[in-house]
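Asker: sequence unknown, structure follows:
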């Protein structure tokens, strides 16, 4: 939508990344980090494909 400005902050279901780390005992398994990274990169690829500035 051209007349709207959206800001997205860190969000991981069911809350923030910090909360997720705390609930996971202070660190994240490599598989979880890999999954987060994959989702971030897919999101960036989508934004770039739509010429969205981030």
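Answerer: Yes, it's here. None of these values were measured; they are calculated from a predicted model.
Asker: The residue nearest the centre of the chain sits in which helix or strand?
Answerer: Within the chain, the residue whose C-alpha comes closest to the C-alpha centroid is residue 40; the distance, by C-alpha atoms, centre = their mean, is 4.9 Å. With elements delineated by DSSP states H and E, residue 40 resides in helix 30-49, which encompasses its position.
Asker: any idea how far that helix is from the chain center?
Answerer: 7 Å (C-alpha atoms, centre = their mean, to the nearest Å).
Asker: same question, stretch 17-27
Answerer: Using C-alpha atoms, centre = their mean, we find the averaged C-alpha position of stretch 17-27 to lie 15 Å away from the chain's own average C-alpha position.
Asker: Same check on stretch 24-38?
Answerer: Distance of stretch 24-38 from the chain centroid (C-alpha atoms, centre = their mean) equals 12 Å.
Asker: now stretch 37-54
Answerer: Its chain's C-alpha centre and that of stretch 37-54 lie 10 Å apart, by C-alpha atoms, centre = their mean.
Asker: returning to that earlier point: the helix holding residue 40: which residues count as buried?
Answerer: Using 16 or more other C-beta atoms under 10 Å as the test for burial, helix 30-49 gives no buried residues. In this view, the C-beta of every residue, glycine as well, is placed from N, C-alpha and C.
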